[in-house]
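Asks: Sequence and predicted model, in that order:
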Amino acid sequence: MSLFSRLLLLFLSLLSCSPLFGQASQDWRAILDKVERAYAPIRDYRVEVEVKNYGEGGSVEEEHFFYTFRRPKSIRLDFLSPHPGLVVIYPDKNGKVAVRGLVPFFTLRLALDNRLLRKSSGQTIDTSDVGHMIDHIRAACTNERRGPVEAWEGNEEAIIRVLALDHFRRDREILYQFTIDTRSWLPREVRETTAGGKVERIAQFRNPELNMGVPESLFRFDKEKGHGKKDETQDP
């Protein structure tokens, strides 16, 4: 074996042992327990979200928005793209999804299953918060699992990867990769790949702000003052 080959093997060996990349863990539960403990005291949060959906022929649909959550289940999305200024709130006073900015001068109030709200992933807005994501990870590693669970924990991130039943479209399987930021112990990325190896969806979560004291009025258009827009109920 040449000197170069020996040095290369030594380098790869050291790289695989590096704490930066982490060590394979036999117990994904240890990682998820830390995530659950970190999330438990959070009353509200705001995070920047970027979602990429990969379609046929290399097409990519992107969404970029700020996601605000207040316990027990108040949700607000402020879109940066593809519809700047679009605001989505759930639930409104009647338990529907309120949408402002899609139709000028009107607030649309839509049922959760309305066609305007359908996502290719099958996920609905009422199951989009971190609490539901944590439940999703645990389900993917237990009763929905269709393959072995792989887990790594390093200095900057932890990863859980598993082939599981699609959490929202129950007729297929997905290889999930959940990346956790080990500074906050909150999810940083969810990557979904088909069993055939095609990346379908990547959701990234950046710059989380925790326990800001978000007011309830942020989730009610009818409590805003001076917005100057007619508040009508529409359900196409």
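Replies: The structure has been received and is ready for your questions.

Asks: drop to CA atoms for contacts and neighbour counts, all remaining ones
Replies: Fine.

Asks: Can you pull out the residues in contact with the helix or strand harbouring Leu32?
Replies: Assessed by DSSP states H and E, Leu32 sits inside helix 28-39. The contact list for helix 28-39, computed with CA atoms under 8 Å, 6 or more residues apart in numbering, reads 131, 134, 138, 149-151, 153, 158, 160, 180, 184-187.

Asks: Check the offset of whichever helix or strand comes after that helix from the chain's centre.
Replies: Downstream of helix 28-39, the next assigned helix or strand under DSSP H and E is strand 44-54. Distance, stretch centre to chain centre, for strand 44-54: 6 Å (CA atoms, centre = their mean, to the nearest Å).

Asks: what sits against the residue nearest to Leu210 when sequence neighbours are not counted?
Replies: Spatial nearest neighbour of Leu210, chain neighbours left out: Tyr45 (4.4 Å); criterion: CA to CA, 6 or more residues apart in numbering. Applying CA under 8 Å, 6+ apart, we find Tyr45 in contact with 68-70, 208-212, 214.

Asks: Are any of these buried, and if so which?
Replies: 68-70, 208, 210, 214 (16 or more other CA atoms under 10 Å).

Asks: Identify, from these, the entry nearest to Leu80.
Replies: Thr68 (13.8 Å; CA to CA).

Asks: measure that closest one to Asp129 for me?
Replies: Look at Thr68 and Asp129: by CA to CA, to the nearest Å, they are 9 Å apart.

Asks: overlap in contacts of those two?
Replies: Ile75.

Asks: Pro104 is in what secondary structure piece?
Replies: Judged by DSSP H and E, Pro104 forms part of no helix or strand.

Asks: And it, how close does it get to Leu86?
Replies: For Pro104, the distance to Leu86 (CA to CA) stands at 10 Å.

Asks: Between those two, which is the more surrounded one?
Replies: Leu86 (17 against 9; other CA atoms under 10 Å).

Asks: For the nearest residue to the more buried one once chain neighbours are set aside, give me its contacts.
Replies: Ranked by CA to CA, 6+ apart and with sequence neighbours excluded, the top spatial neighbour of Leu86 is Gly101, at 4.5 Å. Listed by CA under 8 Å, 6+ apart, the contact partners of Gly101 are 85-87, 107.

Asks: which ones are touching the residue most central in space within the chain?
Replies: Compute the mean C-alpha point of the chain, and by CA atoms, centre = their mean the closest residue is Ala203, 5.5 Å away. By CA under 8 Å, 6+ apart, the contact list for Ala203 reads 49-52, 189-191.

Asks: does it count as helix, strand or coil?
Replies: Assigned by DSSP: H, G, I helix; E, B strand; the rest coil, the conformation of Ala203 is strand.

Asks: circling back to that earlier point, and the helix holding Leu32, which residues are buried?
Replies: By neighbour count on 16+ other CA under 10 Å, the buried set for helix 28-39 is 28, 31-32, 35-36, 39.

Asks: Which one of these is nearest to Arg115?
Replies: Nearest member of those to Arg115, counting by CA to CA, is Tyr39, at 32.1 Å.

Asks: Quick check: which ranges of the protein have low pLDDT?
Replies: 1-26, 223-236 (pLDDT under 70).

Asks: Quick one: the helices in it, in order.
Replies: Per DSSP state H, the chain has helices spanning 3-17, 28-39, 130-141. These are given in chain order.

Asks: quick one, the second one and helix 130-141 angle?
Replies: By that I understand helix 28-39. Computed with axes from the mean of the first three to the mean of the last three CA atoms, to 10 degrees, the direction of helix 28-39 lies at 170 degrees from that of helix 130-141.
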